[in-house]
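**Q** Quick one: sequence and predicted model below, then my questions.
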Amino acid sequence: MESNRQRKVAQIIQEDFAELFRKQASESKQSILVSVSDVKISADLGIAKIYLSIFPQEFRSAVMKEIEENKPQYRNFIGQKMAKQVRIIPQLNFYLDTALDDVEKLERELRGEGDNPVL
């Protein structure tokens with residue numbers, strides 16, 4: 001069960017990273033969309049799991065690699081944003097969110113366009 005404090009901190013992290021990734025996308029020459037689909041934070045507010053959706057799909061591994069390499073800068077960024085609100089700046093763990101891909105694949109299968117035969 002998530003506490004109100006956990007939800008509040010997760011929402012702040014999600015909004016700040018969404019804004020950061022939006023700015024990075026507008027400054028980039030490539031058209032890559034990185035959206036923050038969810039943020040889960042541990043009970044002690046020490047670890048934040050950040051789920052990202054990245055489009056188009058062919059850039060996912062490169063973008064995730066770049067994000068992992070820049071984790072200290074992202075933690076510094078979030079630390080500056082949240083310095084007055086929390087005592088401990090959480091460790092950041094980034095995960096690729098493939099839920100939308102799974103839904104699309106399931107819908108394709110249900111329409112009979114996948115590998116499964118239509119009954």
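**A** Nice, I can see it.
**Q** which residues in the chain form helices?
**A** 4-27, 60-69, 71-82, 99-110 (DSSP state H).
**Q** Could you pull out the buried residues of the shortest one?
**A** The one in question is helix 60-69. Under the neighbour-count criterion of 16 or more other CB atoms under 10 Å, helix 60-69 has 60, 63, 64, 67 buried. C-beta: built from backbone N, CA, C; applies to glycine.
**Q** List the contacts of it.
**A** Contacts to helix 60-69, defined as CB atoms under 8 Å, 6 or more residues apart in numbering, come from residues 32, 34, 52, 54, 74, 94, 96.
**Q** Ok, the last one next?
**A** Outside of helix 99-110, the residues that reach it under the criterion CB under 8 Å, 6+ apart are 37, 53, 57, 114, 115, 116.
**Q** and the angle from it to helix 60-69?
**A** 160 degrees (axes from the mean of the first three to the mean of the last three CA atoms, to 10 degrees).
**Q** Now do the residue nearest in space to the middle of the chain, the pLDDT please.
**A** Central residue of the chain (CA atoms, centre = their mean): residue 52, 2.5 Å from the mean position. If you check residue 52, the pLDDT there is 95.
**Q** One more: residue 59?
**A** For residue 59, pLDDT reads 87.
**Q** now the helix or strand of the chain with the lowest mean pLDDT, how far from the centre of its chain.
**A** Here the helix or strand of the chain ranked lowest by mean pLDDT, DSSP states H and E is helix 99-110, holding a mean of 80. Distance of helix 99-110 from its chain centroid, counting by CA atoms, centre = their mean, to the nearest Å, is 20 Å.
**Q** again with stretch 98-111
**A** For stretch 98-111, the distance to the chain centre is 20 Å (CA atoms, centre = their mean).
**Q** Repeat that for stretch 74-82.
**A** With CA atoms, centre = their mean, you get 16 Å for stretch 74-82.
**Q** which parts of it are buried?
**A** 74, 78, 81, 82.
**Q** Present those residues as JSON lines; the columns should include distance to residue 17 and pLDDT.
**A** Shown next, in JSON lines, are these (distance: CB to CB, whole Å; pLDDT from 0 to 100):
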{"residue": "74", "distance to residue 17": "8", "pLDDT": "95"}
{"residue": "78", "distance to residue 17": "7", "pLDDT": "94"}
{"residue": "81", "distance to residue 17": "10", "pLDDT": "90"}
{"residue": "82", "distance to residue 17": "11", "pLDDT": "89"}
